[in-house]
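J.: Any chance you could fold what I've pasted below:
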Amino acid sequence: MFTVRRAAAALAAAAVLSTAAAGLAAPVAVAAPSPAPSPALPKGLYGTGDPAYDGVWRQSLAFIAQHSVGIEPARPAVDWLLAQQCDSGAFASYRPDPSKTCDPKTLLDTNATAVALQALAGTEREPTVPGKPSDPATVAYKAAVNWLKGVQNPDGGWGYNPGSPSDANSTSIVVGAFAAVGQKPGDVTSKAGKTPYDALLGFAIPCTDASGPGAFAYQPDKTGKLYANADATAAATLAGLGKGILAGNVKPQQNPSCEDKTPQTVDRAALNGASYLAAALAKTGHLDAPPMPGATDTTPQPDFGNTADAVVALGASGHTKEATGALAWLEQNAPAWAKTGGPAAYAQLVLAAKAMGADPHKFGGTDLVEALNATGPAPQGPETTGNHAEDEGAFNLWWILGIGTIVGVGVGFLLSGRKK
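T.: Now for the predicted structure:
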C-alpha cells in the first residue's frame, strides 16, 4: 500500500544507484519500458493515474480495503481484475490489452499476483453447486496460488519477478496471500525443502546489532550484511505472524521487546520487528523516507505509506499503544497525501484505521471509505453472506506489505506495489 507503482524503469535505475551507494546488492527486477500515453483508462479500473506499473496493485488494494468495511466491489471492477490474469495464473503489474495472450515477454510480477490473490479471495462468489464449474474468482485465485508455488526460490522465498533473488517484502506479501486462502505458509516448501519462514529469518537482524536491532532487511548486500529497512520490517512482522494485508487488531500486548533465541523462531522475529517499529515511531510519531539518489536536499521527508504500514503491523501484533501517536499523526496529515496518491493510498489508511480499531469513516475529518469508492466504479453495496473462501480455509487477509520499494529502502509497500 503505497502510492502505488510508478515509473518502474526510473525506480530500477534508482535502485542501482542507491544500493550501490549503501553497499547493497541491487534487486534483480526487470523494468518495463516507458509506457506510451493512454488516451483513456480501462473501464472498471480504480484511479486516474497511469496504470502501467500499479494497475493490478491499486485495484486489488482497493478491493481489500472495501472488504474490510463490508463493501462488495463493483462487478465491472472485479471483471477487469480477472481479465488481467495470465493463463498461467500469474499477474503482471498491468496488461493494457488483456485479449492478448501472455507470452515470454510478459513481465510477471509476484507482488501483483499475491495482492490480486488476496483481493479475489474475498470477492463475492456464487455458492458452490455440485457438478457446476467453479466461478471465475475461485478459479483465478486457485491458479494464482499454484503459480506462486511454482516460482518459489530454493531458499523458500520470492523475488519481485520470478527468478530474481528473494527479498523480505515480496516473500512477505506472498505469505499473506497464502494465509488469505487458508494455506499454511509453513507447509509451502521449495524443492530444496525450505519454507517462506526460512527465507524471512534470513533477513532478520539480531537484537545485538545496534544498527537496527530486531529489524528486517530488504535483502543482504553483496557481503551478506543486513541493513534495517522499516518497510521490510513492517511486511515481515505481519508475515511472521501469519497474517495478510487485512490484518485487523488483536488483544493488546505488553510493550514489544527484542529477544534473540537459538534457534530463532519466525514468530519471535516478528515480535522483534514490532519492537523496532515501535522505537522508530516513538521518535517523531512517523517514519521518514530516505533521500532519493542524487538529491541535493537531504531534509527528511515524512513517509506516509511506510508509517501506515508500521501502524498496521503494530496493530496486528497487539501493540496498539505504541502506534496510537502515529495513527493520530496520520489522521492529521495523511488525507491530503491520499487525495494525491489515489485509491492505493486511501486503502492503506483504511487498513491502518481498521488495524487500530478506529473508524475509517471518521479519519481526521475525512471519510476514507467514501473517498476510496469515489476513485472507481460505485460498489455493489454491502457484502452478503455468500460463499467466500470457506472451502479454502480462513479468510485472513492482511495489510500490505507490501512491499518496500524496488530500491530496498523504505518507500512503503511498493515492491508490493506503490509509487513514491
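J.: rest of the way, CA atoms for contacts and neighbours
T.: OK.
J.: Which elements pack onto the helix or strand harbouring Val174?
T.: Counting by DSSP states H and E, the element that carries Val174 is helix 168-180. For helix 168-180, the packing partners by 3 or more CA pairs under 8 Å, 6 or more residues apart in numbering; DSSP states H and E come out as helix 110-121, helix 196-201, helix 230-240.
J.: can I get the CA coordinates of the longest one in PDB?
T.: Yep, that's helix 110-121 we're talking about. Output in PDB follows, covering the C-alpha atoms of helix 110-121 (Å, rounded to 0.1, in the frame of the first residue of the first chain):
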ATOM      1  CA  THR A 110       4.900 -11.900  -7.800                       C
ATOM      2  CA  ASN A 111       3.700  -8.900  -5.800                       C
ATOM      3  CA  ALA A 112       0.800  -8.200  -8.200                       C
ATOM      4  CA  THR A 113      -0.100 -11.800  -8.200                       C
ATOM      5  CA  ALA A 114      -0.100 -12.100  -4.400                       C
ATOM      6  CA  VAL A 115      -2.100  -9.000  -3.800                       C
ATOM      7  CA  ALA A 116      -4.700  -9.900  -6.500                       C
ATOM      8  CA  LEU A 117      -5.000 -13.300  -4.900                       C
ATOM      9  CA  GLN A 118      -5.900 -11.700  -1.600                       C
ATOM     10  CA  ALA A 119      -8.400  -9.400  -3.300                       C
ATOM     11  CA  LEU A 120     -10.100 -12.200  -5.200                       C
ATOM     12  CA  ALA A 121     -10.200 -14.500  -2.200                       C
END
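J.: next SSE after it?
T.: Following helix 110-121 in sequence order, the next helix or strand is helix 136-150 (DSSP H and E).
J.: now the last one
T.: In the C-terminal direction, the helix or strand that comes right after helix 230-240 (DSSP H and E) is helix 266-284.
J.: Alpha carbons of that following helix, in CSV - could you do that?
T.: Taking only C-alpha atoms (Å, rounded to 0.1, in the frame of the first residue of the first chain), the coordinates of helix 266-284 have been written out as CSV:
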residue,chain,number,x,y,z
VAL,A,266,9.7,-16.6,13.0
ASP,A,267,7.1,-15.5,15.5
ARG,A,268,9.8,-14.3,17.8
ALA,A,269,11.5,-12.5,14.9
ALA,A,270,8.1,-10.9,14.1
LEU,A,271,7.8,-9.5,17.6
ASN,A,272,11.3,-8.2,17.4
GLY,A,273,10.3,-6.4,14.2
ALA,A,274,7.4,-4.8,16.2
SER,A,275,9.9,-3.7,18.8
TYR,A,276,12.0,-2.0,16.1
LEU,A,277,9.0,-0.2,14.6
ALA,A,278,7.7,1.0,18.0
ALA,A,279,11.1,2.5,18.7
ALA,A,280,11.2,4.2,15.3
LEU,A,281,7.8,5.7,15.6
ALA,A,282,8.5,6.9,19.1
LYS,A,283,11.0,9.4,17.8
THR,A,284,8.7,11.7,15.8
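J.: other SSEs contacting that helix?
T.: The elements that helix 266-284 packs onto, with contact taken as 3+ CA pairs under 8 Å, 6+ apart, are helix 196-201, helix 230-240, helix 304-316, helix 320-341.
J.: Any stretches of the stretch 51-200 of the chain with poor pLDDT?
T.: When the per-residue scores of the stretch 51-200 of the chain are filtered using pLDDT under 70, the ranges that remain are 124-135.
J.: can you redo the helices and strands packed on helix 266-284 as JSON lines with mean neighbour count and distance to Ala278?
T.: Supplementary listing: the helices and strands packed on helix 266-284 in JSON lines, determined by neighbours: other CA atoms under 10 Å; distance: least, CA to CA, whole Å:
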{"stretch": "helix 196-201", "mean neighbour count": "24", "distance to Ala278": "20"}
{"stretch": "helix 230-240", "mean neighbour count": "35", "distance to Ala278": "11"}
{"stretch": "helix 304-316", "mean neighbour count": "33", "distance to Ala278": "8"}
{"stretch": "helix 320-341", "mean neighbour count": "19", "distance to Ala278": "6"}
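J.: I'd like the helices and strands packed on helix 168-180 as CSV, with distance to Cys102 appended.
T.: As requested, the helices and strands packed on helix 168-180 are exported to CSV (distance: least, CA to CA, whole Å):
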stretch, distance to Cys102
helix 110-121, 14
helix 196-201, 27
helix 230-240, 29
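J.: quick one, which of these is nearest to Pro256?
T.: The closest approach between Pro256 and any of these, judged by CA to CA, belongs to helix 230-240 at 12.0 Å.
J.: elements contacting the closest one?
T.: The helices and strands touching helix 230-240, judged by 3+ CA pairs under 8 Å, 6+ apart, are helix 168-180, helix 196-201, helix 266-284, helix 304-316.
J.: between the third one and helix 304-316, how big is the angle?
T.: If you take axes from the mean of the first three to the mean of the last three CA atoms, to 10 degrees, helix 266-284 sits at 130 degrees to helix 304-316.
J.: After helix 266-284, which helix or strand is next? Please name it.
T.: Next element after helix 266-284 (DSSP H and E): strand 288-289.
J.: for that following strand, packing partners?
T.: Applying 3+ CA pairs under 8 Å, 6+ apart, one finds that strand 288-289 makes contact with strand 301-302.
J.: So what touches the strand it packs on?
T.: Under the contact criterion CA atoms under 8 Å, 6 or more residues apart in numbering, strand 301-302 has outside partners 286-291.
J.: Please tell me how far that strand is from the chain's geometric centre.
T.: When distances are taken as CA atoms, centre = their mean, to the nearest Å, strand 301-302 is centred 20 Å away from the chain's centroid.
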